[in-house]
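Chemist: when you get a sec, could you give me coordinates for this:
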Amino acid sequence: MPHTIADIAKALGLRAEGALELTISHAAEPAHAGPDALAMATTPKYAASLSQGSARAAMLWAGADWRELGLEAAIFAPRPRWAMAGVCEMLDPGYDFGGGIHPHAFIHPSAEIGAGAQIGPFTSIGARTRIGTGARIAANVTVAEDVVIGADVILHAGARVGARCVIGARYIGQPNSVVGGCGFSFVTPEPSGAEEVRATLSGERQVRQQKWHRIQSLGAVRIGDDVELGANSSIDRGTIRDTVIGSGTKIDSVCQIGHNVQMGEDCMMCGMAGVAGSARIGNRVLLAGKVAVNDNIFVGDDVIVGGASRVYTNVPAGRTILGDPATKLETQLEIRKVLRRLPRLAAHVVQLQEAVFGKTTKDAAKDSE
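Modeler: Just a heads-up that it's a prediction; the model follows:
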């Protein structure tokens with residue numbers, strides 16, 4: 001549906017100027033924006049590319065001169081990304097989940113489906129499962145037995161929910177996301193080589209044949225309200241107690257959360273990050289891309305972990321950490337400065353060896369042979 005500039009500005013609580021009756025049908029990058037698009041030129045660096053398109057209206061940074069930019073109307077965004085979120089929500093056409101329950105869906109007779117739910121073809125809903133009102137479930141989704149799913153949940157194509165899992169309202173499961181797969185728990189009849197190394201922190205160990213035996217996952221997964229799980233990401237069920245994800249937490253694509261993990265509210269976990277079994281993550285924790293959190297440790301509230309970091313030990317609340325192993329941000333930046341100086345430091349050491357001993361490093365190495 002087209003929207004006028006006035007309507008968009010009012011809905012977002014933003015100031016607009018110019019021809020407020022102009023209508024737009026979609027948003028576009030400035031260089032590719034046509035006359036019916038709202039050009040998203042939210043910072044000065046996008047101003048030059050406005051001339052490459054033919055937009056009549058744009059979302060601009062606070063204080064921008066829209067007339068000088070050749071526009072007929074503008075909306076001003078003091079916080080551009082926040083404004084972009086509102087625009088995208090208004091203009092999102094959404095997904096077509098069909099109407100009602102598709103005849104090719106399988107719904108177990110004992111399952112309870114809430115009013116207004118939409119269920120796509122080749123989707124399976126297991127025994128005694130309860131689906132909340134207004135749920136939208138796409139094609140080829142599997143929801144196992146004894147599952148409880150809240151109102152207004154969205155499960156995209158190929159999403160999976162394992163037995164006995166509980167999911168709150170407004171959850172979004174992106175394509176091929178998995179909630180409630182078995183935890184990766186195995187044991188050997190005698191202590192394994194990995195156990196010996198971990199206990200002794202030594203590479204010296206007894207090498208012997210070993211067979212892995214699965215520890216069954218008796219727990220499930222409990223997810224709060226307003227959680228999102230990205231495409232091809234998975235949350236393992238607990239071994240004895242449930243794995244728990246707090247309300248408001250957002251998990252990106254290709255992430256892994258292990259068995260027994262307790263993750264707090266309003267956390268953010270970016271692509272390819274992983275949390276190993278039985279770790280405890282506080283509230284409002286941000287794990288950037290490719291972060292790995294060790295098992296059985298605690299990460300406190302409001303911690304920020306920089307990209308590709310490896311977290312091996314407990315982290316106090318409020319700390320910002322980075323690196324492998326992860327340390328305080330300030331410490332890690334000093335470490336990286338020193339690392340950049342290593343080639344120069346090595347050259348100085350060679351000069352000192354020559355000055356003190358009268359020989360090069362190669363000569364010293366030959367003497368030691």
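Chemist: drop to CA atoms for contacts and neighbour counts, all remaining ones
Modeler: Noted.
Chemist: burial of residue 184, as a residue count?
Modeler: 17 (other Cα atoms under 10 Å).
Chemist: ok, it to residue 274 distance?
Modeler: According to Cα to Cα, to the nearest Å, residue 184 stands 13 Å off from residue 274.
Chemist: what do you get for residue 48?
Modeler: When Cα to Cα is applied, the distance between residue 48 and residue 274 equals 40 Å.
Chemist: okay, these two: which has more neighbours?
Modeler: Shown here are residue 48 and residue 274; by other Cα under 10 Å, residue 274 has more neighbours (23 against 12).
Chemist: that one against residue 290, yeah?
Modeler: Yes. In this structure, residue 274 is within contact of residue 290 by Cα atoms under 8 Å, at 7.2 Å.
Chemist: before we move on, back to that, who touches both of residue 184 and residue 274?
Modeler: Between them, residue 184 and residue 274 have residue 258 as joint contacts when contacts are counted by Cα atoms under 8 Å, 6 or more residues apart in numbering.
Chemist: need the contact list for the residue sitting nearest the centre point of the chain.
Modeler: Most central residue of the chain, judged by C-alpha distance to the mean C-alpha position with Cα atoms, centre = their mean, is residue 252 at 2.4 Å. The neighbours of residue 252, taking Cα under 8 Å, 6+ apart as the test, are 228-231, 233, 268-272.
Chemist: can you redo these as CSV with neighbour count and secondary structure?
Modeler: Putting those into CSV (neighbours: other Cα atoms under 10 Å; DSSP: H, G, I helix; E, B strand; the rest coil) gives the following:
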residue, neighbour count, secondary structure
228, 22, strand
229, 27, strand
230, 22, coil
231, 22, coil
233, 25, coil
268, 18, strand
269, 27, strand
270, 20, coil
271, 20, coil
272, 18, coil
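Chemist: tell me the one of those residues nearest residue 318?
Modeler: If you rank those by distance to residue 318 using Cα to Cα, residue 268 comes first, at 14.7 Å.
Chemist: that closest one touches residue 282, doesn't it?
Modeler: No. Counting by Cα under 8 Å, residue 268 stays clear of residue 282, with 11.1 Å between them.
Chemist: can you report how many residues neighbour residue 150?
Modeler: What residue 150 shows, counting by other Cα under 10 Å, is a neighbour count of 21.
Chemist: check residue 25 too.
Modeler: In terms of burial, residue 25 registers 13 neighbours under the definition other Cα under 10 Å.
Chemist: and residue 199, that one's in a helix?
Modeler: Yes. Counting by DSSP: H, G, I helix; E, B strand; the rest coil, residue 199 is found in a helix.
Chemist: distance check, it against residue 326.
Modeler: Remark: distance between residue 199 and residue 326 (Cα to Cα) = 22 Å.
Chemist: and what of residue 171?
Modeler: For residue 171, the distance to residue 326 equals 32 Å [Cα to Cα].
Chemist: those two: which is more packed in?
Modeler: Under the neighbour definition other Cα under 10 Å, residue 171 and residue 326 were set side by side, and residue 171 has more, 26 against 23.
Chemist: need the contact list for the more buried one.
Modeler: Remark: with contacts taken as Cα under 8 Å, 6+ apart, residue 171 is in contact with 150, 152-154, 225-228.
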